[in-house]
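Asker: Sequence and predicted model, in that order:
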Amino acid sequence: MKNVKFSRRSFLKAGAAASVASLVAANAAAASAAEPKAPAADENGLLDGLFGGKTPKYIFLFIGDGMGLPQIQSASFYKGTVENNGAVIPAELSFMKFPFTGSVTTYDSTSFCPDSASTATSIASGEKTESGVINMTPWTRDVPFETIAEKLHSQKGYKVGILSTVNIDHATPAAFYAHQASRKNYYEIGEELANSGFEYFAGGDFQDPRGGAVSNYDMAIAKGYKLVTTQAGAAALKAGDKALVIAEQRADAAAMNYSIDAAAGEWQLSDYVRKGIEVLDNPNGFFMMAESGKIDWACHANDTAASIHDVLEMSNAVQVAVDFYNQHPNDTLILVTADHETGGMTIGFTTTNYDTYLTNLTKQTMSFVKFDSIIDTLRAQGASFEAAMAEAKKAFGLITANDADAANPEYENLILTDYELEGLRTAYERSMTVGAAGQGDMTQRDYELYGTYQPFSVELCHVLNHKSGMDHTTWSHTGAPVNLYAIGAGSDKFTGAFDNTEIFHKLAELTNVQ
Ligand SMILES: [Zn+2]
């Protein structure tokens, strides 16, 4: 059958008038696109025999939201060069040398630049769908897909843990337990969480917990979940508990803090993974999906330092799983991948030519979003640009030529040129007068410069990125492929170039679920 394609726009225009024939054709095309292909490893006796065909009993799936290859590599380069006094020496993140690596395509039914709802659906259920849709057929949005987590839970008795540094009802975690025509049906997603029967949820708060008669919290409690809202409460959880953990420290939109903003001792993804292993460990096995969701949020805002710190924390979280794998090497499978790339991040910038100065990024002490609150204070004070630049020095390390530290070698590559200073002044003035605005309310030039963010915050990120040899192409997602790193039982199946839907099919094949 001829492939039927809809652009997002033409579909929205067509609306209910879309002909039944077109919908049937689109569904058939989607179904045939989703047909499992024979993994290359099956045709290769050597690869297939590597782990003796043993079904992994403990499965870890780490998803770095927005974590393309530049996000991983920039974190590796940053860590290495900082640890080696600025030398060109990369560091090895916990998953970079896993024995099997795949290159994964991420496009969805609507776009080559997909979103987390459709891509996490593909990973969780092996099906392509529209951007914004969670585990429902594309275009009709009326038939739910059963996820790998649900299959392992119901057919194999695996316990299931779903973790995210963003909201626990955000698209990526939701794609493992929810089925919704829109990723924004937060209250309904919370209801599906309570009804999932999964044993461990941990992350940021619900987004619309009181959107109906019974709150999402009370629904979970009624289904036997311990609702935990403090770090001490999370620490006290024991093996066999059925728990919903809402992180005690939360920042923008009730997600967990960026790593760069986390206080000493504040639980991060690695702590929730460690606790998850303790809670889920049982003779039948478990499946744990852990999402580092704010790599994506940082990259939307083109905040390279925040992205790097969250990738490094994700590496710590994977290391916790590697430690578990080392105790159970024949029964454990660890996969590390991304749903899509965000920001069009790249390593290398026009004015730094062939050089990078990644150690500059050590001077950034907070995320763009934390700096937004400083801008609020500056605006309330009616502060001058000079006063704002004193704050910018503390948060981003950027200084003017007449600053006291201009001769300090630590600031050698952080002295602003007139051009950069002028850009910052313009952005500051816009932050004081207009602030963040919608794309429809700004000029093309202003949108290219600031997106929908606080202009001064993102201009500071851009200037620091550029002086460090980093850049971005977009405030949104890109269609660049992502990597997958695999170790352990069945990891040899995850090699070569494949589509994100294959992750589900390979997992289903390895675990013999229907
Ligand atoms: Zn995103």
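Answerer: Done, it's in.

Asker: Now do the helices in the stretch 1-150 of the chain.
Answerer: Counting by DSSP state H, counting those that start in this stretch, the segments of the stretch 1-150 of the chain that form helices are 8-14, 20-33, 45-48, 69-83, 116-125, 148-156.

Asker: go on, the stretch 151-300 of the chain?
Answerer: Ranges of helices in the stretch 151-300 of the chain, per DSSP H, counting those that start in this stretch, are 171-174, 186-196, 216-222, 231-235, 269-280, 294-300.

Asker: closest to residue 209 out of those?
Answerer: Proximity to residue 209 (Cβ to Cβ) singles out helix 216-222 among the helices of the stretch 151-300 of the chain, at 4.1 Å. The way it works is simple: take the backbone N, C-alpha and C, and place the C-beta from them, glycine included.

Asker: just how off-centre is the closest one within its chain?
Answerer: 26 Å (Cα atoms, centre = their mean, to the nearest Å).

Asker: quick one: average pLDDT of that helix?
Answerer: On average, the pLDDT along helix 216-222 is 98.

Asker: And for stretch 460-478?
Answerer: 98.

Asker: Mind splitting the protein into its structural domains?
Answerer: Under the assignment automatic domain parsing, the domains of the chain span 55-345+476-511, 351-471.

Asker: quick one, which of these is packed in tightest?
Answerer: domain 55-345+476-511 (a mean of 22; mean count of other Cβ atoms under 10 Å).

Asker: Would you mind finding the longest strand in this protein?
Answerer: For the chain, the strand with the greatest residue count under DSSP state E is strand 332-342.

Asker: could you say what helices and strands the next helix or strand after it packs with?
Answerer: Counting by DSSP states H and E, the next helix or strand C-terminal to strand 332-342 is strand 346-347. With contacts defined as 3 or more Cβ pairs under 8 Å, 6 or more residues apart in numbering; DSSP states H and E, strand 346-347 has these neighbours: helix 69-83, strand 470-471.

Asker: and if we set it to 7 Å?
Answerer: helix 69-83 (3 or more Cβ pairs under 7 Å, 6 or more residues apart in numbering; DSSP states H and E).

Asker: now the helix it packs on and strand 332-342, what's the angle there?
Answerer: 100 degrees (axes from the mean of the first three to the mean of the last three Cα atoms, to 10 degrees).

Asker: can you map out the strands along this structure?
Answerer: According to DSSP E, the strands that the chain contains are 58-66, 100-105, 159-167, 200-204, 226-228, 243-246, 286-292, 332-342, 346-347, 470-471, 477-478, 482-488, 496-499.

Asker: centre of the chain versus the longest strand of the chain, how much separation?
Answerer: With Cα atoms, centre = their mean, you get 9 Å for strand 332-342.

Asker: Now that strand: average pLDDT?
Answerer: Across strand 332-342, the average pLDDT comes to 98.

Asker: can you check stretch 93-108 too?
Answerer: 98.

Asker: Residue 436 contacts residue 452, doesn't it?
Answerer: Yes: at 5.8 Å, residue 436 and residue 452 qualify as touching, with contact defined as Cβ atoms under 7 Å.

Asker: who touches both of the two?
Answerer: The overlap between the contact sets of residue 436 and residue 452 (Cβ atoms under 7 Å, 6 or more residues apart in numbering) is empty.

Asker: quick revisit: just send the helices of the stretch 151-300 of the chain back as a markdown table, with distance to residue 388 too.
Answerer: Output for the helices of the stretch 151-300 of the chain, formatted as a markdown table (distance: least, Cβ to Cβ, whole Å):
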| stretch | distance to residue 388 |
| --- | --- |
| helix 171-174 | 35 |
| helix 186-196 | 36 |
| helix 216-222 | 40 |
| helix 231-235 | 34 |
| helix 269-280 | 33 |
| helix 294-300 | 22 |
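
Asker: and of the ones you listed, who's closest to residue 306?
Answerer: helix 294-300 (3.7 Å).

Asker: What is the distance between the closest one and the centre of its chain?
Answerer: That offset, for helix 294-300, works out to 7 Å (Cα atoms, centre = their mean).

Asker: Tell me which other helices or strands that helix touches.
Answerer: By 3+ Cβ pairs under 7 Å, 6+ apart, helix 294-300 packs against strand 58-66, helix 304-327, strand 332-342.

Asker: try it again with 10 Å
Answerer: Other helices and strands packing on helix 294-300, by 3 or more Cβ pairs under 10 Å, 6 or more residues apart in numbering; DSSP states H and E, are strand 58-66, helix 69-83, strand 159-167, helix 304-327, strand 332-342, helix 368-381, strand 477-478.

Asker: Keeping just the C-alphas, turn it into PDB.
Answerer: Output in PDB follows, covering the C-alpha atoms of helix 294-300 (Å, rounded to 0.1, in the frame of the first residue of the first chain):
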ATOM      1  CA  LYS A 294      16.000  18.200  32.300                       C
ATOM      2  CA  ILE A 295      18.800  17.700  29.900                       C
ATOM      3  CA  ASP A 296      16.000  18.500  27.400                       C
ATOM      4  CA  TRP A 297      14.800  21.500  29.400                       C
ATOM      5  CA  ALA A 298      18.300  22.900  29.600                       C
ATOM      6  CA  CYS A 299      18.900  22.400  25.900                       C
ATOM      7  CA  HIS A 300      15.600  24.000  25.000                       C
END
